[in-house]
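Chemist: dropping a prediction and its sequence here:
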Amino acid sequence: MGRPSTASPQDGGRRLQPRVAGSGRETLYRWRDLPYNSARGSEKSGPTVRGSPMKKIALVMVAVLAMAAMTVRSASKPTGSIKVPARLLLELKIGGKPVLVPSGTECPMAAGTYAPDSITARAEGEEVGGKRDIWSITSRGPFGKRAQIEIKDGATTTIDAGPPFVLNVAVSKAQNTPQGKVVRINLQVLGRVGEVYALNTLRKGRTVAPAPQVEVLDEKGTSLAKGNFEYG
């Protein structure tokens with residue numbers, strides 16, 4: 001084969017084979033079919049497509065440098081980790097929204113102070129028919145000693161909440177009402193760090209457990225009144 005002709009597409013020499021791209025208004029030529037720059041007549045220059053090649057290279061370099069700077073900033077940001085036991089579900093308030101933290105594993109987090117949105121304690125019930133129901137109860141505050149969760153740089157924060165539970169009963173003084181004297185009895189479930197769990201979140205599987213019962217006895221053990229606690 002002979003050497004490619006340097007004749008322009010308009011004369012009798014070897015003609016370029018264009019490939020049409022996009023809408024058809026723009027024609028792209030293969031590099032090997034262009035022994036010269038048709039605009040300047042230089043054999044050392046390649047084809048110029050969609051703007052200056054130097055401008056494109058400059059834009060690419062700017063993008064690469066920006067990404068490198070972001071990587072350096074991210075790598076230098078103080079980072080710790082949080083560990084939530086498998087028996088707990090923890091949601092943190094991040095950006096005004098609840099974010100679930102993975103349980104049963106150590107999870108890296110940016111160092112800082114976080115506030116919990118909810119803490120759910122879980123436990124397996126007795127095996128019935130080869131299956132075990134999961135019991136759960138949720139605290140939405142107050143969170144006691146876990147009102148704030150601090151993540152320190154290079155350190156692991158382990159969440160200690162949930163059982164053993166303590167039942168706290170608060171009894172108000174008798175008040176006169178049209179129905180007679182009324183005594184209010186409030187029942188709270190407290191976790192190990194003082195977090196308060198709501199009774200109406202106690203579930204067996206997906207079913208809300210019935211409200212607990214209460215009975216009032218005198219000093220001799222005689223039943224004076226009994227009933228169910230009311231949610232709400």
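Modeler: Okay, I see it.
Chemist: and the strand of greatest length in the chain, what does it pack against?
Modeler: Ranked by residue count and defined by DSSP state E, the top strand of the chain is strand 112-128. Here strand 112-128 touches strand 88-94, strand 97-101, strand 131-139, strand 149-151, going by 3 or more Cβ pairs under 8 Å, 6 or more residues apart in numbering; DSSP states H and E. All C-beta atoms are positioned from the backbone trio N, CA, C, and that covers glycine.
Chemist: make CSV out of those and add distance to residue 82 and mean pLDDT.
Modeler: Listed next are the helices and strands packed on strand 112-128 as CSV, based on distance: least, Cβ to Cβ, whole Å; pLDDT from 0 to 100:
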stretch, distance to residue 82, mean pLDDT
strand 88-94, 8, 96
strand 97-101, 6, 95
strand 131-139, 17, 93
strand 149-151, 6, 97
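Chemist: now the terminal residues of stretch 206-219, how far apart.
Modeler: 40 Å (Cα to Cα, to the nearest Å).
Chemist: same check on stretch 216-227?
Modeler: Across stretch 216-227, the terminal residues are separated by 9 Å (Cα to Cα).
Chemist: surely residue 155 meets residue 80?
Modeler: Yes. Using Cβ atoms under 8 Å, residue 155 is in contact with residue 80, at 5.0 Å.
Chemist: looking at those two, which is more packed in?
Modeler: Set residue 155 next to residue 80 and count neighbours by other Cβ atoms under 10 Å: residue 80 wins out with 17 against 11.
Chemist: contacting residues around residue 217?
Modeler: 223, 224 (Cβ atoms under 8 Å, 6 or more residues apart in numbering).
Chemist: residue 140 contacts residue 198, doesn't it?
Modeler: Yes. Applying Cβ under 8 Å as the test, residue 140 and residue 198 come out as touching, 6.6 Å apart.
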